[in-house]
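Engineer: Need a 3D model of the following:
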Amino acid sequence: MAIHITDDPAADQLLTDNPFALLVGMMLDQQYPMEHAFLGPQKVVSRFGSFDPAAIAAADPQEFAAMASTTPAIHRYPGAMATRLQELARIVVEEYDGDASRIWTEATDGKDLAKRVKALPGFGAQKVKIFVALVAKQLDVRPDGWEAVAGDYALDGYRSVADVVDPVSLQKVRDHKKEMKAAARAAAG
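Structural biologist: All right, here's what the predicted structure looks like:
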């Protein structure tokens with residue numbers, strides 16, 4: 001299935017074709033608009049010339065951070081995210097022979113998939129649930145028990161990036177996030 005998150009055909013194609021790019025987009029999706037986060041891999045390709053995990057892991061950290069900080073930066077915290085991206089690349093190279101898709105294709109069940117994703121830098125409990133739902137819904141990789149791991153994100157609706165398939169669903173997810181933030185502010189205030 002083709003990924004449609006960024007509204008940029010080249011960036012969406014990279015996310016569709018490159019499992020590591022999809023993983024990195026999800027990693028970058030924090031404290032930053034999701035469509036911009038998922039543009040991050042394309043920005044790296046256009047500046048670094050590659051999105052190969054081995055090349056990223058081997059890059060000089062200072063030079064890589066400078067590249068990630070070039071306007072428009074890959075994230076609102078480009079230095080920290082460049083470091084995290086290189087660490088993620090190292091893990092993919094060392095533990096999965098450079099093939100990020102092995103994280104989900106070789107998972108024995110939903111719990112194993114969650115454990116594998118949670119071990120990655122930048123993936124907390126909620127992001128693990130969202131990524132498991134994304135893999136299941138967008139890539140149609142559904143290990144036993146994935147619904148239990150993904151929780152509410154496994155349901156039909158427009159809750160997260162896992163539900164984005166076109167510009168209309170992207171707007172519905174944005175609207176849902178705004179509603180959730182407004183509700184949280186109202187509850188706190």
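Engineer: contacts and neighbour counts: CA atoms only from here.
Structural biologist: Will do.
Engineer: tell me the contacts of the spatially closest residue to Gln30 that is not a sequence neighbour?
Structural biologist: Leaving aside its sequence neighbours, Gln30 sits nearest to Ala37 (C-alpha to C-alpha, 6 or more residues apart in numbering; 7.7 Å). Going by C-alpha atoms under 8 Å, 6 or more residues apart in numbering, Ala37 touches 25-26, 28-30, 74-75.
Engineer: Report how many residues lie close to Gly122.
Structural biologist: 19 (other C-alpha atoms under 10 Å).
Engineer: do the same with Arg185
Structural biologist: Residues lying near Arg185 (other C-alpha under 10 Å) number 10.
Engineer: What pLDDT is listed against Ala148?
Structural biologist: In this model, Ala148 is scored at 94, pLDDT.
Engineer: mind checking which helix or strand it is in?
Structural biologist: helix 146-150 (DSSP states H and E).
Engineer: Kindly provide the distance from the residue lying closest to Gln42 once chain neighbours are set aside to Ala58.
Structural biologist: In space, and not counting its chain neighbours, Gln42 is closest to Ala11: 5.1 Å by C-alpha to C-alpha, 6+ apart. Note on Ala11: its distance to Ala58, by C-alpha to C-alpha, to the nearest Å, is 23 Å.
Engineer: So between those two, which is more surrounded?
Structural biologist: Legend: neighbour count by other C-alpha under 10 Å for Ala11 and Ala58, higher for Ala11 (22 against 12).
Engineer: my guess is the more buried one meets Ser46, correct?
Structural biologist: No: using C-alpha atoms under 8 Å, Ala11 makes no contact with Ser46, being 10.2 Å away.
Engineer: got a list of what the spatially most central residue of the chain touches?
Structural biologist: With distances taken as C-alpha atoms, centre = their mean, Met26 lies nearest the centre of the chain, 1.2 Å away. Taking C-alpha under 8 Å, 6+ apart as the criterion, Met26 is in contact with 37-38, 127, 131.
Engineer: Of the residues you listed, which qualify as buried by neighbour count?
Structural biologist: Among those, those classed as buried by 16 or more other C-alpha atoms under 10 Å are 37-38, 127, 131.
Engineer: Pick out whichever of these sits closest to Asp99.
Structural biologist: Phe131 (16.8 Å; C-alpha to C-alpha).
Engineer: where's that closest one, which helix or strand?
Structural biologist: Secondary structure assigned from DSSP H and E places Phe131 in helix 125-138.
Engineer: Summarise which helices and strands that helix is packed against.
Structural biologist: Judged by 3 or more C-alpha pairs under 8 Å, 6 or more residues apart in numbering; DSSP states H and E, helix 125-138 is in contact with helix 110-118, helix 146-150.
Engineer: how about those helices in a markdown table, adding distance to Ala184 and mean neighbour count?
Structural biologist: Below are those laid out as a markdown table (distance: least, C-alpha to C-alpha, whole Å; neighbours: other C-alpha atoms under 10 Å):
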| stretch | distance to Ala184 | mean neighbour count |
| --- | --- | --- |
| helix 110-118 | 25 | 19 |
| helix 146-150 | 22 | 20 |
